[in-house]
Structures are given as C-alpha cells and as structure tokens.
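# Fold the stuff below for me.
(one chain, ligands or ions: 2)
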Amino acid sequence: MSTLTISQASCADDYDPNSMPVAKARSFIHQFLDPVTAAVRVPVRSALGRVLAEDVVSPVDVPAHRNSAMDGWAVRAADLKPDAETVLAEIGSSFAGRPFGGSVGPGQCVRIMTGGVVPEGVDTVVMQERAKASGKSIAIASGPKAGQHVREAGEDLKRGSVALRRGRIVRPAELGLVASLGIGEVAVYRRLRVAFFSTGDELKSIGTPLGEGEIYDSNRYTIHGMLTRLGCEVLDLGVVRDDPKLLERAFREAAASADVVITSGGVSVGEADFVKDLLGRLGEVVFWKIAMKPGRPLAYGKIGGAHFFGLPGNPVSVMVTFYQFVRDALLALMGVDPVAAPPTFTARCTARLKKVPGRTEFQRGVLAREADGTLAVRPTGEQGSGILKSMSDANCFIILGDETGNVEPGTMVEVQLLEGLV
Ligand code: AMP
Ligand code: MG
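Residues are numbered from 1 along each chain as shown. Ligands and ions are numbered 1, 2, ... in the order given. Below you'll find the model as predicted:
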C-alpha cells in the first residue's frame, strides 16, 4: 500500500488533469485502494457472491477413493491379451456407494459402475461397450490400455492442498466445490458499505410531479442496481440540491457511514468549482477530464477514511464510468484478489462509426452471431450520453481506443460484454 497522498501523487510530473488517459486514471486510483480486512464466517450457501477471506484447504483427497470413470468391468491389465479377446470370470460388483469388499486375482474381474470404488488388485476399467457378458463369463475385446478409466484418489485435489484461494468471489461452482469437501462454513470479508446520492436542482424522486425543467432521478436506480449486483451494502442518501450547505452535510454523512461514497452530477465544468472548494475542505480529491466518451469529468479522492467517486451526471456516463473505473476499484476494496480486467474480444462491426482520435470511446453495441457463424456487432443507434435506452438496448460496449478514427463497416473492433461486468 502506497503512503503517497492523493495530492502528492497528482502532482507527479506526467499528470495532466485535462486529458487523463483511461488506463492512467485507473492505475492512479488503484494505488490508494485499501481492501476490507474484517471477516465473518457464514454457512456455505450464504457465501454466494461474497469474497473468501481465507484459503479453503481440502481436509480430504478428492476423489476420496480410486474409482471408475465408466460403466464396465474392473480388470487386471496383465491378464489381457494384447491382440485377442480375453475371457475373465466376474466375481462380484462395485457400484457407487456399494464397494466390492474383496480383492481380485488373476483371471478375475468385477462388474463396476461409474463412481464405484476400484477394488484391490485391479488397475484398469474396460468400458462395457468393449466387453460381452454371458453369465459370469466376460469376454473383453483386445485393445484396452493399462490404467484406463481409473480416477486415482486425490487426482483432483490432495488432502491439505489449497482448493480455493483467499480473494476469490464465490460463484455456484465454488459453493459446490466447498460442499464436495464436506465443509459447511467459510470465512468471507464483510460487505463493502457504499453510500450514494444524486446532485442537481432539476432532479425529482419518483412519486413527486415534475415542474418545468425538472427530470426524474434515474442515476440512483442504475447505481443501486450495479452496487447490489456487485454484492455491496448500499446506502441511498437520495437527491441533494446544488446547495453548498446541503452538499456538505450529505458528504459528511456519507463519508462517516460508508467505506465508499459515490455521487452523480456536479463535477462538470461550471459546476465543479464550488464542489471542488467543498471537497478540498472535507478531504483530498482530484478532478479529471478523462480522455474518454462518454464520461469525461470524473473526480476521485478520499473524504475522511472513505473513498470518493464523483461521477458525471449524464445517465449513460454514470454507467460507463462505473463499469470502467468504479467496478474494479470496488472489487479490490471488497478483497477480490486478483481483480481480473473484464475480458474483451474482437467482432466485425457492421456499421460505420464516427470517432475522433485522441480519446477512448465506449459506444453501446449489440453483439450477435451471424448466419455464417462469425460474431458481428452494430451500434445501438443514437449514442448521446443522456440516452439511457442505448444502454438498455445494448449487450456490449464497443471500445474504440485513443488512436482509432472513424470505423468503416467490416472493420474488426474490440467489444466487452455488459453481462458479467456486475
Ligand atoms: P451535471 O453533470 O450535473 O451537469 O449533469 C449532466 C446532465 O445529466 C444534465 O442534463 C442533468 O440533468 C443530467 N442528470 C444529472 N443527474 C441526473 C440524475 N440523477 N438522473 C438523471 N439525469 C441526471
Ligand atoms: Mg448537475
């Protein structure tokens, strides 16, 4: 953890608040993130979506016994003739949960089912399609290799080895894996507490009629959704008017009660000044104009012990800046380690895209597989940063890097799926 303060870091000589590249802003933020450390023990099912606070060490070998991967017969490879059929005597059976107790001698075999314990003395399973039974006489076709279809004890996981590392998000697969080890409780980090509010004199909450020039506050809803899906504890502080006294009170309350404070609006040119003064008094905050579209203005800093993200007001900008900056930062603060960058891949763009070089654009796209089997992406249409429908219609971002100019139809572009971002 860096001991550098935000203002010291922001005075570094290559820092230009007016054209901060996306990657630089991201790595700037990351040097200040201090993950939660407090942990709680929860029953396995309740760990879904949470972050492991301790390694999960396997108390057993997985699989616990040498067992069969197939339905068939358990045999001794040494008995099998390499180029001809071999007839063996079936002396018993081993089904999953009902092992064959004895040991198997030369010329003998045991009927075995998938998951059945491989009895002592045998080393190979012949799948039933390669054998013919007539009574207890089993004719095995030539060809099986020694050791075939046998799963060794501890093959997946050795007793005492780490099954899951601290810092992992628990998904359905992890729930099952933990359960398969017979473990009933795991340690997870406490939830990250995030307070948020919207700023703007024009904003009304649902349930109040709109006056002239007023709009309903939608950012608190998208932010609520994104935070909830990430697994944060959310504290919705409502709409705060553009009034320095009310804003100061809201910032103080938010910072005192949460690990992270997120606001929307009030960081654009013209509005930034009094918020800047206010935040300068309450903490250490940097204001950036990020070289990106949408989402140019962005503020980041600390207010007391709380991390602060000041997002732009425009509804699409809120979502884009959340996904591109806040998401990763929150995951790191939640204790996720390592935080993997969301995957991107390339797809053929079917339309012409307008783009000026010098900034990264996150256009909203619809990705689909074409009849010829290739992936193609088209923009959702109007890309204005106030058009929330463009986010709703989209299933991906089309990411156009700093150097990219206009994109002609047929060009391969970078895409990032929205599903899975939170
Ligand atoms: P600002 O960043 O405060 O200048 O706001 C930019 C634009 O986003 C303006 O058109 C605002 O009316 C709009 N806006 C700001 N906050 C919200 C919000 N919470 N919900 C919907 N639109 C908003
Ligand atoms: Mg505003």
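
# Name the residues of this structure found near ligand 2, please.
Gly200, Gly265, Gly313 (Cβ under 5 Å from the ion). The C-beta positions use only the backbone N, C-alpha and C, and glycine is treated the same way.

# OK, now which residue of the stretch 301-422 of the chain is nearest to ligand 2?
Using Cβ to the ion, the closest approach of the stretch 301-422 of the chain to ligand 2 is made by Gly313 at 4.7 Å.

# And the stretch 51-200 of the chain, by the same measure?
Gly200 (3.8 Å).

# ok now do that residue, which residues does it touch?
Shown in contact with Gly200 (Cβ atoms under 8 Å, 6 or more residues apart in numbering): Asp217, Val239, Arg241, Asp242, Gly265, Gly266, Gly313.

# mind listing which of these are in strands?
When these are checked against strands (DSSP state E), the matches are Val239.

# In helices only, show me the contacts of Gly200.
With helices defined by DSSP state H, no entry of the contacts of Gly200 lies inside them.

# Looking at pLDDT only, which of the contacts of Gly200 scores worst?
Among the contacts of Gly200, Gly266 carries the weakest pLDDT, at 88.

# Give me the spatial nearest neighbour of that one, chain neighbours excluded.
Leaving aside its sequence neighbours, Gly266 sits nearest to Thr199 (Cβ to Cβ, 6 or more residues apart in numbering; 4.1 Å).

# try Leu181
Distances taken as Cβ to Cβ, 6+ apart place Ser58 nearest to Leu181, at 5.3 Å, with adjacent residues excluded.

# same deal with Ala306?
Ala255 (4.1 Å).

# pretty sure Gly173 belongs to a strand, no?
No, residue 173 isn't Gly; it's Ala. No: counting by DSSP: H, G, I helix; E, B strand; the rest coil, Ala173 falls outside a strand, being helix.

# now the helices: where do they sit in this structure?
Under DSSP H, the chain gives helices at 6-10, 22-30, 172-180, 219-230, 244-257, 272-282, 315-321, 327-333, 389-393.

# Reformat these as TSV; add distance to Thr114 and mean pLDDT.
TSV is the format used below for the helices of the chain (distance: least, Cβ to Cβ, whole Å; pLDDT from 0 to 100):
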stretch	distance to Thr114	mean pLDDT
helix 6-10	58	82
helix 22-30	47	94
helix 172-180	16	96
helix 219-230	38	98
helix 244-257	54	96
helix 272-282	63	87
helix 315-321	47	97
helix 327-333	39	98
helix 389-393	46	95
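
# List, one by one, the residues from the stretch 151-300 of the chain near ligand 1.
198, 200, 202-203, 215, 217-219, 264-266, 268, 271 (Cβ under 6 Å from any ligand atom).

# Farthest-apart pair in the residues you listed, please.
Ser218 and Glu271 (18.3 Å; Cβ to Cβ).

# still on that earlier bit, residue contacts, the residue nearest to Leu181?
Applying Cβ under 8 Å, 6+ apart, we find Ser58 in contact with Leu157, Lys158, Arg159, Gly160, Ser161, Val162, Ala163, Leu181.

# Now render those residues as a markdown table, adding neighbour count and pLDDT.
Shown next, in a markdown table, are those (neighbours: other Cβ atoms under 10 Å; pLDDT from 0 to 100):
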| residue | neighbour count | pLDDT |
| --- | --- | --- |
| Leu157 | 18 | 93 |
| Lys158 | 14 | 95 |
| Arg159 | 14 | 96 |
| Gly160 | 11 | 97 |
| Ser161 | 13 | 97 |
| Val162 | 12 | 98 |
| Ala163 | 21 | 97 |
| Leu181 | 17 | 95 |
